[in-house]
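1. Provided below are the primary sequence and the corresponding predicted coordinates.
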Amino acid sequence: PQVRFDEAARQLILIKHRDLVALPVRPWQQAGSSDAAASRPSIQCDSQGKVEQASVSLCQRYIAVQRSHVELEFLDLRSSTWFSHACAGGGSRSRWRILSFHWTGMAVSDFVVVTTAGVEFYLFSAEKRALRLVKHVTQPVAWALYSHETRLLFLASGSQDNVIRAFQVQPLSVVRLPRFDVQLAPMQNAPIAAGQQKPRRSLQPSNLTVARLYSMIFCVHVEPELQ
């Protein structure tokens, strides 16, 4: 079973092979205060195949479901209609797969797909039952980290996955931020052969987080070896 918190839609996504359930998460509140999430029902889909990942739209009406390495399915929860979308990725002549996808709610690009071959920025059209490609950036990607609060997307690459390229989906444009490298400490107590340097581990997405401090946005690196 797979359990994941959908930060954008505030839904707890539960996936078990062909079964998909999304449960609204209610934020802490004082007694007597109202909460829109309290009135939202849970979402349960009768799957037509294996579910790899899923993400609920911000309006809670649509759900994007990954069923294969290269294709997404979009389901209208009101009408039960759906359409499929094949991502661009690295083309038909290279091997690639979908890593993650996110609803941003921004007018310039409200849906983003990250693959091992790059990142694709789309506009979702329910009327046309299609996605329109707005921007496609091709580059190797090991893993991605998305912060919905800041609309920041981090893409990791390099031999240690510590070369970070970032994009921010702003109201009027998609902004590419300067690349930066995360310095990793050598592994502690790792066996070292004669004449060799200490081995270094790869950067993990759990070691990075986005924080807003003093009206500024920071990328925070937590070094497990030095905690």
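-> That came through, no problem.

2. shouldn't residue 206 be within a strand?
-> No: using DSSP: H, G, I helix; E, B strand; the rest coil, the secondary structure at residue 206 is helix, not a strand.

3. measure it to residue 3 for me?
-> 15 Å (Cβ to Cβ, to the nearest Å). Quick note: C-beta positions are derived from backbone N, CA and C, even for glycine.

4. one more: residue 185?
-> 31 Å.

5. do residue 76 as well
-> Counting by Cβ to Cβ - residue 76 and residue 3 are separated by 25 Å.

6. before we move on, what about residue 10?
-> Distance from residue 10 to residue 3, by Cβ to Cβ: 15 Å.

7. just to revisit the earlier point, more crowded one of residue 76 and residue 3?
-> Remark: of residue 76 and residue 3, residue 76 carries more neighbours, 15 against 9, as counted by other Cβ atoms under 10 Å.

8. that one and residue 124, how far apart?
-> Residue 76 is 11 Å from residue 124, by Cβ to Cβ.

9. shared neighbours, these two?
-> residue 62 (Cβ atoms under 8 Å, 6 or more residues apart in numbering).

10. and the lowest mean pLDDT element among the helices and strands of this structure?
-> strand 43-46 (a mean of 66; mean pLDDT, DSSP states H and E).

11. avg pLDDT for the next helix or strand after it?
-> Later in the chain than strand 43-46, the nearest helix or strand by DSSP states H and E is strand 53-56. Averaged across strand 53-56, the pLDDT comes to 92.

12. ok, and what's touching strand 53-56?
-> Contacts of strand 53-56 (Cβ under 8 Å, 6+ apart): 4, 6, 8-9, 11, 13, 15, 20, 22, 43, 62-66, 98, 100-103.
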